[in-house]
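Undergrad: give the three-dimensional model of this entry:
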Amino acid sequence: MAKCICVYSRNKNNDNTLARLTKVCNSIAPDNIDANAPIVNVNGNVAYGIMNPVSTIDIGERHVLMGSVFSSGDDWKKPNTDFPDGSYAVLRYDEVFFEAVTDCVGSRTIWYFLDEDYFIASTSQRAIVLFLGTFEFNESVVPWVLSSGTLGPNLSWDKRIKQVPVNSSVILNTKSWSLEVKSEEMVPFSSGKGTEMELKQKLQQSLLSNFKSLNLDYNNWSLPLSGGFDSRAILCLLHKTSDISGLKTITWGLEASLKDKDNDAFIARQLADEFNVENKYLLTNFSNEPIERLLHRYFLNGEGRIDHVSGYMDGFNVWKLLFEEGVQGTIRGDESFGHRKVSNKIAVKFQIGIILCEDYSNLREYVPMFAPQEIPDNLKQKNNESLEKWRDRLYQEYRIPTIMSSLADLKLSYVEQISPFLSKKIIEEVRKFPSKFRTAKALFRKVMFDMGPDIPYATTDAVAQATDILKHEHMVSFLKDQLDSKEMMDLFPEELVKTVKTKMKSQNEENIENPNKYSIKRILKKITPYYVKDFLRNHVDSATVLDYNQLAFRLYTILHMKRILDNDAIR
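TA: Modelled structure (predicted):
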């Protein structure tokens with residue numbers, strides 16, 4: 001429910017720092033809620049501001065914890081000590097060192113900046129730009145946003161702002177005014193031995209042990225429940241390890257989804273009834289607010305890090321309601337138990353989302369016009385690294401810190417988040433599996449099938465599909481107007497902009513708001529066997545075309561975030 005900025009000044013901070021941090025916190029608060037008053041503290045060289053704080057945030061004399069630590073004891077609060085197990089962003093300091101620490105998969109991003117006067121660590125890029133009063137646009141993000149819908153690996157909108165790597169910390173020596181990046185070792189993939197039964201028992205023990213340590217107050221925390229696998233697994237594990245009589249579950253989606261027996265919404269309600277817990281269904285129908293306002297709020301809350309706009313076209317009403325009802329955090333099913341079958345490198349890239357402009361036939365010709373785009377060496381397939389190991393390593397080192405953390409950012413202005421499956425102990429247990437037990441989450445599924453009820457799994461989503469939202473008549477009209485702007489033509493090749501505008505498609509609102517009114521495409525998707533879908537995913541060829549409506553939205557993302565950050569710099 002909060003975002004944080006912490007400033008270490010080479011000279012002692014003063015009342016001006018207090019005023020600046022207060023203004024920063026107020027500026028990044030959502031526009032559709034009355035956020036809690038920010039906590040701002042200035043003490044000598046250290047100052048911090050926390051936007052929309054709640055009681056679940058751990059604020060100590062020399063540390064701030066955003067998220068949750070699963071370890072016991074207090075040693076993790078001191079700089080230059082081991083990283084705790086958990087799902088978090090930690091800021092800790094003493095007389096000599098100031099340290100920003102991420103968890104083992106970077107589930108909560110920390111951005112940092114250093115110059116001759118300040119070291120700044122923050123969970124918000126905008127907060128850093130607002131504090132500095134300057135912005136330097138990073139052209140390296142342009143090809144990544146266009147090809148992947150993300151900022152790309154370790155990139156930010158401002159070329160001066162860096163990202164703390166996964167399972168790492170950035171440490172400032174305040175005496176020498178120098179930075180060091182420190183990383184901890186992770187268990188290598190497929191390093192363990194044992195029978196399937198032995199590995200299954202070890203995973204089950206790790207899961208149960210971690211959930212027993214959570215000790216959550218269900219008055220403050222809610223479980224988002226779908227008809228899929230991961231949130232069901234959390235519900236089963238909470239049931240095994242605690243009294244869940246007071247647990248509240250929430251499901252969101254379109255109103256029509258409640259009538260579809262194969263849908264997330266319908267099956268989530270069955271699961272809640274089975275475990276005798278409350279389930280509230282929150283509507284995500286298209287808001288009647290102007291498109292421009294909806295998208296502006298989306299970019300302000302998520303800072304343009306991800307293009308998954310379809311779940312937020314209700315105007316963030318779901319998250320506003322949760323905040324106003326006193327929900328302080330959600331228990332998320334983000335995990336790293338393995339991914340779908342792959343048979344070639346391009347399938348790995350598309351499955352994980354680390355896609356380059358050269359991978360799309362309709363972007364390839366524009367590659368020379370953008371900043372250079374390349375997968376960093378540490379994310380490339382290693383010698384003797386199988387496709388399966390590379391796939392799962394990329395999931396932990398790229399997808400979670402780049403895509404999943406971006407999705408979390410969209411909600412963190414309203415509610416806190418805890419991701420129990422991202423415990424380092426659980427992840428390292430999974431890394432020991434032979435690849436066949438990670439593919440399609442095979443061993444995890446077997447563990448949970450033993451625990452779960454005999455209720456079918458959902459085959460359709462409750463929310464509108466992204467491609468449908470971007471074909472909404474009002475959305476298409478708005479994006480075409482933006483494509484005509486002089487700013488757009490100044491930023492991008494004119495031929496690209498004109499081609500995108502010409503090839504965009506629209507559909508009427510009824511097909512978007514009523515997912516049960518099946519098109520041929522939806523029927524085929526529903527009846528196609530999984531092995532056929534896997535085959536098609538694994539044979540992505542060089543003729544892959546990026547949807548033009550999606551490309552239009554990504555062009556607008558870059559344009560509008562540049563507008564926002566330029567404006568932040570002069571505020």
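
Undergrad: ok, residue 325 to residue 331 distance?
TA: 16 Å (CB to CB, to the nearest Å). For the C-beta atoms, the positions are set from N, CA and C on the backbone; glycine is no exception.

Undergrad: between the two, who's got more neighbours?
TA: residue 331 (24 against 11; other CB atoms under 10 Å).

Undergrad: backbone phi and psi for the residue lying closest to the more buried one once chain neighbours are set aside, please?
TA: The shortest distance from residue 331 to any non-neighbouring residue, by CB to CB, 6 or more residues apart in numbering, is to residue 223 (4.8 Å). Dihedral angles of residue 223 (phi, psi; degrees, to the nearest 10) stand at phi -110, psi 110.

Undergrad: quick one: residues contacting residue 223.
TA: 231, 234-235, 238, 247-250, 330-331 (CB atoms under 8 Å, 6 or more residues apart in numbering).

Undergrad: so what's it bridging to?
TA: With DSSP bridges applied, residue 223 shows beta-bridge pairing to residue 249.

Undergrad: stretch 64-78: end-to-end distance?
TA: One end of stretch 64-78 sits 11 Å from the other (CA to CA, to the nearest Å).

Undergrad: buried residues in that stretch?
TA: Going by neighbour count (16 or more other CB atoms under 10 Å), the buried part of stretch 64-78 is 64-71, 76-77.

Undergrad: from the residues you listed, which shows the smallest pLDDT?
TA: Lowest in pLDDT among the buried residues of stretch 64-78 is residue 71, which has 79.

Undergrad: for it, give its distance to residue 210.
TA: Distance of residue 71 to residue 210, given as CB to CB: 11 Å.

Undergrad: distance of the residue nearest to residue 331 from residue 246?
TA: Separation of residue 223 from residue 246 (CB to CB) stands at 12 Å.

Undergrad: what's the offset of stretch 277-294 from the middle of its chain?
TA: 20 Å (CA atoms, centre = their mean, to the nearest Å).

Undergrad: my error: substitute stretch 131-148 in the last question.
TA: The answer for stretch 131-148 is 18 Å, by CA atoms, centre = their mean.

Undergrad: how long is that stretch end to end?
TA: By CA to CA, one end of stretch 131-148 lies 29 Å from the other end.

Undergrad: rounded mean pLDDT for that stretch, please.
TA: Across stretch 131-148, the per-residue pLDDT values average to 98.

Undergrad: would you map the helices across the stretch 401-550 of the chain?
TA: Along the stretch 401-550 of the chain, counting by DSSP state H, counting those that start in this stretch, helices occupy 405-411, 424-431, 435-438, 442-451, 466-469, 473-483, 486-491, 494-503, 509-513, 520-527, 530-537, 548-569.

Undergrad: for those, give me CSV that also has mean neighbour count.
TA: Shown next, in CSV, are these (neighbours: other CB atoms under 10 Å):
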stretch, mean neighbour count
helix 405-411, 22
helix 424-431, 21
helix 435-438, 19
helix 442-451, 18
helix 466-469, 18
helix 473-483, 17
helix 486-491, 13
helix 494-503, 16
helix 509-513, 15
helix 520-527, 11
helix 530-537, 12
helix 548-569, 20
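
Undergrad: closest one to residue 125 among these?
TA: Closest of those to residue 125 is helix 548-569, at 7.9 Å (criterion: CB to CB).

Undergrad: hmm, residue 40 and residue 53 touching each other?
TA: No. Residue 53 lies out of contact with residue 40 (CB atoms under 8 Å); the separation is 10.0 Å.

Undergrad: so which of the helices of the stretch 401-550 of the chain gets nearest residue 144?
TA: helix 548-569 (9.8 Å).

Undergrad: where does the stretch 1-150 of the chain have low pLDDT?
TA: Applying pLDDT under 70 to the stretch 1-150 of the chain flags the ranges 1.

Undergrad: now the helices for it?
TA: Under DSSP H, counting those that start in this stretch, the stretch 1-150 of the chain gives helices at 15-28, 125-132, 141-148.

Undergrad: the helices in the stretch 251-400 of the chain, which residues?
TA: Along the stretch 251-400 of the chain, the segments classed as helices by DSSP H, counting those that start in this stretch run 264-275, 291-302, 317-324, 345-352, 387-394.

Undergrad: got a pLDDT number for residue 534?
TA: For residue 534, the predicted pLDDT is 57.

Undergrad: actually residue 441, sorry about that
TA: pLDDT, residue 441: 96.

Undergrad: run a quick neighbour tally on it.
TA: 21.

Undergrad: number of nearby residues for the nearest residue to it once chain neighbours are set aside?
TA: Nearest in space to residue 441, with sequence neighbours left out and distances taken as CB to CB, 6+ apart, is residue 337 at 4.2 Å. For residue 337, the neighbour count with other CB under 10 Å is 26.

Undergrad: pretty sure residue 337 sits against residue 430.
TA: Yes. Between residue 337 and residue 430 a contact is recorded at 5.7 Å, counting by CB under 8 Å.

Undergrad: joint contacts of the two?
TA: In contact with both residue 337 and residue 430: 438, 444, using CB under 8 Å, 6+ apart.

Undergrad: and the gap between residue 493 and residue 413?
TA: Taking CB to CB as the measure, residue 493 falls 35 Å from residue 413.

Undergrad: right, I mislabeled it, should have said residue 233
TA: The spacing between residue 233 and residue 413, counted by CB to CB, is 27 Å.
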